[in-house]
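Structure of the sequence below:
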Amino acid sequence: MTSDDRQLTPPAPAPKIELHVHLEGTVRPATLLTIARRNDLALPADTEAGIAALYEYRDFQRFLDVWVMTTNCLRTGEDFRQVVVEYAAEAASFGAVYLEGIFSPAERAALALTDALTQLPGNPLPDHVIAEAEAELGKEGLAAATWVAITINAWNRVAIAGHEQAGEYEPPAAA
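Sure, this is the predicted structure:
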């Protein structure tokens with residue numbers, strides 16, 4: 001019997017694991033619509049196809065915008081439960097036996113803090129924003145996020161003072 005005469009049997013599918021899955025990124029268009037409607041929130045599209053079109057990322061900023069939109073829709077325990085249950089079922093369908101999923105409340109707190117710190121003078125920084133950021137980020141994280149926002153604002157003010165025009169960054173062409 002030669003090696004050409006042997007019949008090869010494909011191996012059985014190996015179990016799969018998912019490590020460090022940001023569950024906000026697993027939300028399907030139909031689920032996002034359901035959650036937004038349940039929480040009486042408006043989205044930029046009101047059909048599954050319209051939401052799916054939002055998920056067509058052109059650049060990293062578009063990805064972040066959709067991530068923030070999705071994250072902001074998650075308000076209740078039922079919302080988070082629905083995301084977890086639906087993703088667990090999807091992962092099981094492709095053979096996953098272990099999931100390490102996370103939600104990212106710290107990012108929401110840091111974004112809210114940055115947004116509040118970026119407001120023009122005359123708009124007070126809400127105490128609840130600071131409290132939420134400290135609860136999620138800790139004292140050191142709160143200090144770090146505050147300094148990052150202040151630094152970004154300072155560079156923006158320099159650009160404004162110098163009448164710099166905002167635009168799309170284009171990396172230099174490879175030589």
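
so where's the protein shaky on pLDDT?
1-5, 107, 111, 120-121, 165-175 (pLDDT under 70).

So what's the gap between the longest helix seen in it and the chain middle?
Longest helix of the chain, by residue count under DSSP state H: helix 127-161. Averaged C-alpha coordinates place helix 127-161 at 19 Å from its chain's average position (C-alpha atoms, centre = their mean, to the nearest Å).

what helices or strands is it leaning on?
Taking 3 or more C-beta pairs under 8 Å, 6 or more residues apart in numbering; DSSP states H and E as contact, the helices and strands that helix 127-161 lies on are helix 105-118. For every residue, glycine as well, the C-beta is placed using N, CA and C.

Only the buried residues of the longest helix of the chain, if you could.
129-130, 132-134, 136-137, 141-142, 145-146, 149 (16 or more other C-beta atoms under 10 Å).

show me what contacts R75?
R75 sits next to N39 when contact means C-beta atoms under 8 Å, 6 or more residues apart in numbering.

ok, P15 touching F94?
No - when contacts are counted by C-beta atoms under 8 Å, P15 is not listed as touching F94 (10.5 Å).

Domains of the protein: list them as residue ranges, please.
17-103, 104-163 (automatic domain parsing).

To T9, which of the ones you listed lies closest?
domain 17-103 (18.4 Å; C-beta to C-beta).

what about that closest one, distance to the chain center?
Per C-alpha atoms, centre = their mean, the centroid offset for domain 17-103 relative to its chain is 9 Å.

and it, how far apart are its ends?
With C-alpha to C-alpha, to the nearest Å as the measure, domain 17-103 spans 18 Å from end to end.

Secondary structure element holding the residue positioned nearest the centre of the chain?
The geometric centre of the chain, computed from its C-alpha atoms, lies nearest to W67 (C-alpha atoms, centre = their mean), at 3.5 Å. Using DSSP states H and E, the element containing W67 is helix 60-73.

what does that helix contact?
Contacts with helix 60-73, where a contact means C-beta under 8 Å, 6+ apart, come from 24-25, 27, 32, 35-36, 39, 41, 43-44, 54-55, 57, 79, 104, 107-108, 111.
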